[in-house]
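Participant: got a sequence here, can you model it:
(chains A and B)
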Amino acid sequence: MTTTSTVAKVGPSPERPAETNVRRSPRRIDPTYYWMVVPVLALFAFFITLPALVGVFFSLTNYAGYGEWTFIGFANYVNIFKDPAILQSYIFTFVFALTTTVVVNIVALAIALGLNAKIKWRTGIRTVFFIPMVLSALVVSFVFNYLFSNTLPVLAERFGVTPLATSILANESLAWLAIVLVTVWQAAPGATIIYLAGLQSVPAEVYDAADLDGAGSFRQFLSLTLPLILGYLVINVILGFKGFLGTYEIIVGLTGGGPGMATQSVAMRIFSGFTGGDYSYQMANAVIYFLITLLISVIQLRLIQRRGVSL
Amino acid sequence: MTASLLPQRRTRVLTKRPSGREGFKINWWLTALMLVASLTVLLPLYFTVAMALKSPDQIGTGTGLAWPNPMNWENFAAAYVATNFPRAFMSTAFVTVFSVLGSLACSSLVAYAIARNWNHRFFRGSFVYLLSAMFIPFPVIILPLIKQTALLGLDNPAGVVFLHVLGGISFNALLYIAFVRSIPAELEESARMDGATTWQVFRKVIFPLLAPMNATVGIFAFLGSWNDFLLPQMMIADPALQTLPVVQMLFQGEFNTNYSLAFASYLMAMAPTLVVYILAQRWVLSGVMRGAVK
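Facilitator: Residues are numbered from 1 along each chain as shown, chains lettered A, B, ... in the order given. Presented below is the predicted three-dimensional model:
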């Protein structure tokens, strides 16, 4: 507005330096700016912050999701640490997230290197590799569900691979690998994009110099490319790990948490509080889950700050 | 800083790379390897199409990988009726359209106000507060949230829109703020000289300049809400208003063995985003890239 700009110019006394004038901001802020922010802030507080606080509150009670309740202090938290089913879900979730993070990053980096090299039909190949990104994870899991439980056993029988002749989704110790595989299929493109951005930030001159020094392509990758894109790797590892900890849809589509409770993730456990009558107990579980992801976020910020990568 | 990445790369490929390394030679071995690797994406898709075109008899006890002969197009008609496709489609389209519009409007407004008043405590504080959402995973708030939205009568697609917009606002605002800062203030000054109010400046000057970021935010919002399963499944109480991904649960019953119907329906659920992606491939990828480099 014209008025504010004139006030800003006329307002401060001549001896005051221009810089403090800006920082101390004696000028009035156009109320329009408040109208742009405040309604969104109010909705945000109501739909995101309020439920979080309500959740923390009820985690200290014995509320079952209906009826009456009383405060029981930290009893829910104490019980969670003694609950083998919850511990099992945390172990599964962490092992799954860790494995998936490693595999996704290896696959994504390989694809990114391939797409960044001199290959024919680059645009077409790139289009194909990014398709999983636009598909619904749930529907994709349903398709893979059939592949794992019908197609793979028939093929295995035909070729005499007996261990795979029964569905791996029904196998308590193998089912999680199927979940890893589909998650990698779905999540690799996202990580590939970040790696591609990283690879393109490496100036071509660096490689020219390495060529002159006679470094082979593998050597170039280890001593040049990898250190130069380390920041992108850190981002991918941490974003990926945090995301995979909350895995839900793909498990619903593949195993539904089974066989037994072998592939039940923490998120699935928490959601069961909605129907299972242990609302407050699962809220305590959610608070613990939140603290864990918060810890990871703090580590993330530290690492990113040190590496000087912005995200 | 956020100029389109694809052209940038193309120039580099054409000018710099060949001068240094093995000249213009194309790496055919790597091309072959990448083609084989791309089968990991194409095979499941081929399989979905093949299954969708089979009759239950053709599926039988085989692998499902063979191409059906003759093809059964009537599966699609049956799936269309079984899932009440038009209604699920409209519901999903409603959630997606309003989530995209809401994300674009809310995030850009908030980002503009914050970026232009960065020296002011209130706006800096709002920014930090909005960022807090990035540290709160949905599973943490979902149980109280569902009770709250049900209480307010928002246990429907409209409620899902609210959550999509607000849940994405921290990431989207972050993208926009960096972009707004790169817009020189002089552009606004001249409009203000001509007597434009802050609203007009935003609408006529800033928002059009945000176009590349609008594309990025729009693509993320579109994919995120079209494919979302968690929030619609948990929030929408009336099954008749359920979205496309959630409707696919229909075929997961214990007694359902009609796979041809199921796969026809899966394919219909996948088709909209797949078609949009393939048609606007270059545009989508450059938009997503911009989000990744941020």
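Participant: domain map for chain A?
Facilitator: A:2-58, A:78-307 (automatic domain parsing).
Participant: most packed of these?
Facilitator: domain A:78-307 (a mean of 19; mean count of other CB atoms under 10 Å in any protein chain shown). Yep, even glycine has a C-beta here, placed from its N, CA and C like the rest.
Participant: now the host helix or strand of A:T32: how far from the chain's centre is it?
Facilitator: Take DSSP states H and E as the rule and A:T32 turns out to sit in helix A:31-44. Helix A:31-44 sits 29 Å away from the centroid of its parent chain (CA atoms, centre = their mean, to the nearest Å).
Participant: now stretch B:180-194
Facilitator: In this view, stretch B:180-194 has its centroid 31 Å away from the chain centroid, taken as CA atoms, centre = their mean.
Participant: thinking again about what came up before, can I get the domains of chain A in TSV including mean pLDDT and distance to chain B?
Facilitator: Shown next, in TSV, are these (pLDDT from 0 to 100; distance: least, CB to the nearest CB, whole Å):
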stretch	mean pLDDT	distance to chain B
domain A:2-58	68	4
domain A:78-307	87	4
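Participant: among these, which is nearest B:V205?
Facilitator: The closest of these to B:V205 is domain A:2-58. By CB to CB, the value is 13.9 Å.
Participant: need the longest helix for chain B.
Facilitator: helix B:85-116 (DSSP state H).
Participant: skipping its backbone neighbours, what lies nearest B:V165 in space?
Facilitator: B:G102 (3.8 Å; CB to CB, 6 or more residues apart in numbering or on different chains).
Participant: in this structure A:Y207 contacts A:L224, no?
Facilitator: Yes: under the criterion of CB atoms under 8 Å, A:Y207 makes contact with A:L224 at 7.1 Å.
Participant: ok so, going back, and the longest helix of chain B, what other elements does it pack with?
Facilitator: helix A:31-44, helix B:121-131, helix B:157-181, helix B:211-227, helix B:244-247, helix B:259-279 (3 or more CB pairs under 8 Å, 6 or more residues apart in numbering or on different chains; DSSP states H and E).
Participant: same question for the last one, mean pLDDT?
Facilitator: Translated: helix B:259-279. Average pLDDT, helix B:259-279: 89.
Participant: buried residues in the next helix or strand after that helix, which are they?
Facilitator: Next along the chain after helix B:259-279, taking DSSP H and E as the criterion, comes helix B:281-293. In terms of neighbour count (16 or more other CB atoms under 10 Å in any protein chain shown), helix B:281-293 has its buried residues at B:Q281, B:V284, B:L285, B:S286, B:G287, B:V288, B:M289, B:R290, B:G291, B:A292, B:V293.
Participant: now do the same contact list for the closest residue to B:L152 other than its chain neighbours.
Facilitator: Setting aside the residues directly before and after it, B:L152 is nearest to B:G159 in space (CB to CB, 6+ apart), at 7.7 Å. Neighbour list for B:G159: B:T149, B:L152, B:M235, B:I236 [criterion: CB atoms under 8 Å, 6 or more residues apart in numbering or on different chains].
Participant: and for B:N75?
Facilitator: Residues near B:N75 by CB under 8 Å, 6+ apart: B:A52, B:L53, B:K54, B:S55, B:S260, B:L261, B:F263, B:A264.
Participant: SS state for it?
Facilitator: helix (DSSP: H, G, I helix; E, B strand; the rest coil).
Participant: got the contact list for the residue nearest to it when sequence neighbours are not counted?
Facilitator: Excluding its sequence neighbours, the residue lying closest to B:N75 (CB to CB, 6+ apart) is B:A264, at 3.7 Å. For B:A264, the contacting residues are B:A52, B:L53, B:N75, B:F76, B:A78, B:A79, by CB under 8 Å, 6+ apart.
Participant: what's the distance between B:A264 and B:G64?
Facilitator: 13 Å (CB to CB, to the nearest Å).
Participant: how about A:I299?
Facilitator: Distance of A:I299 to B:G64, given as CB to CB: 44 Å.
Participant: how many neighbours does B:P239 have?
Facilitator: By the criterion of other CB atoms under 10 Å in any protein chain shown, B:P239 has 11 neighbours.
Participant: okay, the residue lying closest to B:L241 once chain neighbours are set aside: pLDDT?
Facilitator: Leaving out its chain neighbours, the residue that sits closest to B:L241 by CB to CB, 6+ apart is B:S91, at 5.3 Å. Predicted confidence (pLDDT) for B:S91: 94.
Participant: ok, back up a step: how about the contacts of B:G159 in CSV, adding secondary structure, neighbour count and pLDDT?
Facilitator: What follows is the contacts of B:G159, written out as CSV (DSSP: H, G, I helix; E, B strand; the rest coil; neighbours: other CB atoms under 10 Å in any protein chain shown; pLDDT from 0 to 100):
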residue, secondary structure, neighbour count, pLDDT
B:T149, helix, 24, 91
B:L152, coil, 12, 91
B:M235, helix, 21, 89
B:I236, coil, 23, 91
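Participant: farthest pair within those residues?
Facilitator: B:L152 and B:I236 (13.9 Å).
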